[in-house]
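Peer 1: 3D, please:
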Amino acid sequence: MTEADLEDVWRRSAPHVLGALGRRYGDFDAAEDAVQGALLAASVQWPKEGTSDNPTAWLITVASRRLIDRHRSERARADREQAAALRVAADEAYSPAADAGDEHAHDDTVLLLLLCCHPALTRASRVALTLRAVGGLTTAQIARAFLVPETTIAQRISRAKIRLREVDARFSLPAAEQLPDRLASLQDALYLIFNEGYTSSTGATLYDVSLTQEAIRLTRQLRDCRARWDRAAIAEGSQLLETVLTRGHLGPYQLQAAIAAVHSESRSWEETDWMQIVVLYRMLDDTAPSPAVTLNLAVAVAMVHGPDAGLRMLDPLLDATSMRRNHRVHAVRAHLLEMSCRHDEATRAYATAAQLTTSMPEQRYLNSKACGGAGEPVAGAT
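Peer 2: The predicted model follows:
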């Protein structure tokens, strides 16, 4: 295996390996050291014995063992028996093949990207860490991209790792209100990765196609994670619905399924056939009326006839004792008030909805809206 081949494996496999170890053990710095050690082992072993059939699985296995050994060594200084138990438990609980058998089943690259863009880091540090950990760029390449000394980038990356450890950063999806800022840093990083491939700052060739391809792959993956409809499942469900509807009976479940089908066949809320949604909800209201149906109908009516029409439908719900403390009613009302440019009233309604919900994700979202955050329209009870 040539040095170029090894570098290609690094770029293709390292994000998967680092993401898998980080998700499993939660220590970014230690995981990266283990990955570097596994790559070094590969550079010695593969030229002699040949490349593994599954390089990613091989690297995960070796890096995982190194990480376990490191934990064991550290713990042994305090309690050897506890360290041995940790090794056994980790070996039994973790199967590297499960992480690497299917490249896309546990592809943690996007989580790794988002971790590198943690809000505890400065914008420049986020981009530098992303270019190193995910893009596979050398410190020298990153320094040239930033037009700063190489030592500056090395210190920046080192401090970023320390900061992530200090704030106990985890490999997990961030809160919705953090995504816009993190995505902005990701765009910077992906742009610089592509640029380095398009016009290489080092080496004997002007272009590095593997880098441009990696930038494109990561951009596509990021795009896919922002549109995660399962089109095969949607098609199957739509086919089942069509079969049922031909039988003639149209009950509440068939109508609810039809509403869900219209929503799922639209790629965004703006593209939704809201008139069809209104018609279906009116049919459902005739068949099985309920406050939840009224609430959802109000949303659909607002999308077709304007927010004021939807607000008028909410008034009876706010007068009903059973719905007065339902956070969804206040959330929908807040959104319709916002659509009407009645921002002060909308802020108060969002705050009321946030106080009434017991769901932490919903509470974070509603509080962010009360503070002027951006978001998509609030759905009703469906």
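
Peer 1: only C-alpha atoms for contact and neighbour calcs from this point on.
Peer 2: OK.

Peer 1: in this structure residue 329 contacts residue 323, no?
Peer 2: Yes. Counting by CA atoms under 8 Å, residue 329 does reach residue 323; the two are 7.1 Å apart.

Peer 1: list residues touching both of the two?
Peer 2: Between them, residue 329 and residue 323 have residue 317 as joint contacts when contacts are counted by CA atoms under 8 Å, 6 or more residues apart in numbering.

Peer 1: which of those two has more residues huddled nearby?
Peer 2: residue 329 (24 against 17; other CA atoms under 10 Å).

Peer 1: give me the element the more buried one is part of.
Peer 2: Using DSSP states H and E, residue 329 sits in helix 327-339.

Peer 1: any residues touching that helix, and which ones?
Peer 2: 295, 299, 302, 307-308, 310-311, 314, 317-318, 323, 343, 345-350, 352-357, 366, 377-381.

Peer 1: buried sites along the helix or strand just after that helix?
Peer 2: Using DSSP H and E, the helix or strand that follows helix 327-339 in sequence is helix 343-356. For helix 343-356, a neighbour-count test (16 or more other CA atoms under 10 Å) marks 343, 346-347, 349-354 as buried.

Peer 1: quick check: residue 37 touching residue 63?
Peer 2: Yes. Between residue 37 and residue 63 a contact is recorded at 6.8 Å, counting by CA under 8 Å.

Peer 1: what about those two, which has more around it?
Peer 2: residue 63 (26 against 17).

Peer 1: and the more buried one, what does it touch?
Peer 2: 21, 31, 34-35, 37-38.

Peer 1: export those as CSV, with columns for pLDDT, secondary structure and distance to residue 10.
Peer 2: Listed next are those as CSV, based on pLDDT from 0 to 100; DSSP: H, G, I helix; E, B strand; the rest coil; distance: CA to CA, whole Å:
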residue, pLDDT, secondary structure, distance to residue 10
21, 79, helix, 15
31, 80, helix, 15
34, 83, helix, 13
35, 82, helix, 10
37, 83, helix, 12
38, 84, helix, 10
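
Peer 1: and which of these is nearest to residue 212?
Peer 2: Residue 212 lies nearest to residue 35 out of the contacts of residue 63, by CA to CA, at 22.8 Å.

Peer 1: can you tell me, leaving aside adjacent residues, what's nearest to the closest one?
Peer 2: residue 63 (5.2 Å; CA to CA, 6 or more residues apart in numbering).

Peer 1: tell me which helix or strand the one you found sits in.
Peer 2: Applying DSSP H and E, one finds residue 63 within helix 55-76.

Peer 1: so how far is that helix from its chain's centroid?
Peer 2: 26 Å (CA atoms, centre = their mean, to the nearest Å).

Peer 1: and the spatially closest residue to residue 25 that is not a sequence neighbour, how far from residue 22?
Peer 2: Nearest non-adjacent residue to residue 25, counting by CA to CA, 6+ apart: residue 31, 7.8 Å away. From residue 31 across to residue 22, the span is 6 Å (CA to CA, to the nearest Å).

Peer 1: ditto for residue 173
Peer 2: 13 Å.

Peer 1: more neighbours: which of these two?
Peer 2: Set residue 173 next to residue 22 and count neighbours by other CA under 10 Å: residue 22 wins out with 23 against 13.

Peer 1: list the contacts of the closest residue to the more buried one other than its chain neighbours.
Peer 2: Closest residue to residue 22 apart from its sequence neighbours, by CA to CA, 6+ apart: residue 28 at 5.6 Å. Residue 28 makes contacts with 18, 22, 161, 164-165, as judged by CA under 8 Å, 6+ apart.

Peer 1: swap in residue 302?
Peer 2: 308-311, 336.

Peer 1: and of those residues, the nearest to residue 253?
Peer 2: Distances from residue 253 to the contacts of residue 302, taken by CA to CA, are shortest for residue 310, at 24.1 Å.

Peer 1: so that closest one makes contact with residue 294?
Peer 2: No. Judged on CA under 8 Å, residue 310 makes no contact with residue 294 at a distance of 9.9 Å.

Peer 1: so for the two, which residue has more residues nearby?
Peer 2: Neighbours were counted for residue 310 and for residue 294 using other CA under 10 Å; residue 310 has more, 25 against 22.

Peer 1: buried stuff in the helix or strand containing the more buried one?
Peer 2: Assessed by DSSP H and E, residue 310 sits inside helix 307-319. Using 16+ other CA under 10 Å as the burial criterion, the residues of helix 307-319 that qualify are 307-311, 313-314, 317-318.

Peer 1: which one of those is nearest residue 111?
Peer 2: residue 307 (37.5 Å).

Peer 1: which residues sit in contact with that closest one?
Peer 2: Counted by CA under 8 Å, 6+ apart, residue 307 has contacts 301, 336-337, 339-340.

Peer 1: which among those gets closest to residue 290?
Peer 2: residue 301 (16.3 Å).

Peer 1: and the closest one, how many residues sit next to it?
Peer 2: Neighbours of residue 301 using other CA under 10 Å come to 22.
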